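[1] Got a sequence here, can you build the structure:
(4 chains)
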2 protein chains.
Amino acid sequence: MPSSPVPSSIARLRGKGGRYHHGNLRGALIVAAAGLLETEGEAGLTLRALADRAGVSRAAPYRHFADKEALLATLAGEGFRVLDREMERAAAMETTAPGRLRAMARAYVAFAQRYHRMFRLMFAGAADPEGRGSGQLRRRLSDAVAGMGSATDGMTAMTAWSLIHGLAALALDSPVVAEAARAPNVDGVVDLLIGGIG
Amino acid sequence: MPSSPVPSSIARLRGKGGRYHHGNLRGALIVAAAGLLETEGEAGLTLRALADRAGVSRAAPYRHFADKEALLATLAGEGFRVLDREMERAAAMETTAPGRLRAMARAYVAFAQRYHRMFRLMFAGAADPEGRGSGQLRRRLSDAVAGMGSATDGMTAMTAWSLIHGLAALALDSPVVAEAARAPNVDGVVDLLIGGIG
DNA sequence: GCATGATGTTGACATCATCTACATCCAAGT
DNA sequence: ACTTGGATGTAGATGATGTCAACATCATGC
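    Numbers count the residues shown, from 1 in each chain, chains lettered A, B, ... in the order given. The predicted structure follows:
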């Protein structure tokens, strides 16, 4: 028998059939964080709320993340992975190079609007740990642009990315830009650039 | 004689020739906030540090701002005003319409890099109180675009703003884009769009 | 069986935003 | 001059939060 009695919270867990060890706390924390971020906003994304939602003590997350910032960075990295997948899927359904670029732009903007807090987090400056996120995005867009016109160099790809990202970002703040970011209009915006390339 | 003795901090102020009333605390807080934001980062931008820097108690800022968010919103509004002024000045030195658009783009990107934390704050979602900031920006860019080609409607202006904003924002995160955002290269990026317009 | 590292828990701390009650100053009436 | 009321500032407390150190529990290989 240990010198101190079994803590009440553990007894409670046992009573509910819970286990002392969570099993996959790291993953559960990321999922809970994504959920909290969208429902409660970044202010509501607190380590305590996270731990509660995962049914775990307040200090437990520190076994998996050095600090809150590390958790947010990982979360942002996850966001980049999802965005990349959605762009890939959107492009796969198109047959022409300009069609692919337009589809990727629509997916980018749609992602920003559906998960707008996540989108903000991703570009808030906390680099994701593997640094992979934005690099992979850039490469995917570069490839799409490269398959287009003749005079398509790196600068052209940066221009395309800037245009798409700016449209997605500004649409979150300005209702006027949001109108230009509606799916049918995105094509028109991208076409202005395509005209400049070809 | 009041029931409680004169607080030590006031005595200290008196001793240093300070006054009980600050004079222009509201303005001093905004200046201090702008300074702290750039030197310490958003995490270091705390009401305590602000009050200390202004030589005033911790609760004093609440006489001028409802809460921290209101202060940040005002600060962001100030940022918009500065950015607008810099764009205006940059455009005034140019004689042609494309030249003005290019100059404004360079000013926009330069502002984002010089005051990158302020730039992030401005587009972090906390709308500035008068809502004037981003609207004025949009109008100025719309005017610049309107003075250009034949087929320049609202959509064109949104496209221009998106391109410029995206370039400025991405350059803060990605070294690759930062290269495309160096002053000489900004012109090239904008020209890609101008080619699409004309 | 049993040591040992990984995983969770508890309790405490410092910092922060914010509130309440009070003090001080300034300016307008009188 | 004197008072009086509103604007401005202060002190102290409160609750929430991120983080840490010491301890408990589990799972796994020897």
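[2] Chain B contacts on chain A?
    Residues of chain A lying close to chain B (CB under 8 Å from any CB of the partner chain) are A:120, A:123-125, A:127, A:134-135, A:138, A:154-156, A:158-159, A:161-167, A:169-170, A:172-174, A:176-177, A:180, A:185, A:188-189, A:191-197. C-beta coordinates here come from the backbone N, C-alpha and C atoms, glycine included.
[3] let's see 7 Å
    Within reach of chain B by CB under 7 Å from any CB of the partner chain, chain A has these residues: A:120, A:123-125, A:134, A:138, A:155-156, A:158-159, A:161-167, A:169-170, A:173-174, A:176-177, A:180, A:185, A:188-189, A:192-197.
[4] could you point out where chain A is predicted with low confidence?
    The model of chain A has pLDDT under 70 over residues A:1-21, A:129-131, A:150-151, A:198.
[5] Pick out the residue closest to the middle of it.
    A:Gly79 (2.1 Å; CA atoms, centre = their mean).
[6] just checking, it touches A:Met118?
    Yes - with contact defined as CB atoms under 7 Å, A:Gly79 reaches A:Met118; the gap is 4.7 Å.
[7] picking up where we left off before, element containing the residue nearest to the centre of chain A?
    If you go by DSSP states H and E, A:Gly79 is part of helix A:68-92.
[8] Please identify the buried residues of that helix?
    By neighbour count with 16 or more other CB atoms under 10 Å in any protein chain shown, helix A:68-92 contains the buried residues A:71-80, A:83-84, A:86-87, A:90-91.
[9] Report the distance from that helix to the chain centre.
    4 Å (CA atoms, centre = their mean, to the nearest Å).
[10] Quick one: list the elements packing against it.
    With contacts taken as 3 or more CB pairs under 7 Å, 6 or more residues apart in numbering or on different chains; DSSP states H and E, helix A:68-92 sits against helix A:25-40, helix A:97-114, helix A:116-122, helix A:132-146.
[11] got those as a markdown table, with mean neighbour count and distance to B:Glu42 columns?
    Output for those, formatted as a markdown table (neighbours: other CB atoms under 10 Å in any protein chain shown; distance: least, CB to CB, whole Å):
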| stretch | mean neighbour count | distance to B:Glu42 |
| --- | --- | --- |
| helix A:25-40 | 17 | 18 |
| helix A:97-114 | 21 | 21 |
| helix A:116-122 | 21 | 13 |
| helix A:132-146 | 19 | 20 |
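[12] per-domain residue ranges of chain A.
    Listed by automatic domain parsing, the domain ranges of chain A are A:8-64, A:70-197.
[13] Out of these, which is closest to B:Gly55?
    B:Gly55 lies closest, by CB to CB, to one member of the domains of chain A: domain A:8-64, at 29.5 Å.
[14] Mind telling me what element the closest residue to A:Glu179 other than its chain neighbours is part of?
    Distance criterion CB to CB, 6 or more residues apart in numbering or on different chains; nearest residue to A:Glu179, sequence neighbours excluded, is A:Asn185 at 7.0 Å. Assigned by DSSP H and E, A:Asn185 belongs to helix A:183-197.
[15] how far does that helix sit from the chain's center?
    24 Å.
[16] what does stretch A:118-133 give?
    Remark: stretch A:118-133 is offset 8 Å from the chain centroid, using CA atoms, centre = their mean.
[17] okay if I get the domains of chain A as JSON lines plus distance to B:His64?
    Putting those into JSON lines (distance: least, CB to CB, whole Å) gives the following:
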{"stretch": "domain A:8-64", "distance to B:His64": "22"}
{"stretch": "domain A:70-197", "distance to B:His64": "25"}
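[18] looking at these, which is closest to B:Arg48?
    Smallest distance to B:Arg48 across the domains of chain A (CB to CB): 18.8 Å, for domain A:8-64.
[19] How many neighbouring residues does the residue of chain A found nearest chain B have?
    Nearest residue of chain A to chain B, counting by CB to the nearest CB: A:Gly166, 2.7 Å away. Using other CB atoms under 10 Å in any protein chain shown, A:Gly166 has 25 other residues around it.
[20] right, and it touches B:Gly166 too?
    Yes - judged on CB under 7 Å, A:Gly166 makes contact with B:Gly166 at a distance of 2.7 Å.
[21] Disregarding flanking residues, what is the spatial nearest neighbour of A:Gln113?
    That would be A:Ala171: by CB to CB, 6+ apart, it lies 6.8 Å from A:Gln113.
[22] For A:Ala66, give me phi and psi.
    Main-chain torsions, A:Ala66, degrees, to the nearest 10: phi -60, psi -40.
[23] To clarify, my last question referred to A:Asp67.
    With angles defined as degrees, to the nearest 10, A:Asp67 sits at phi -160, psi -180.
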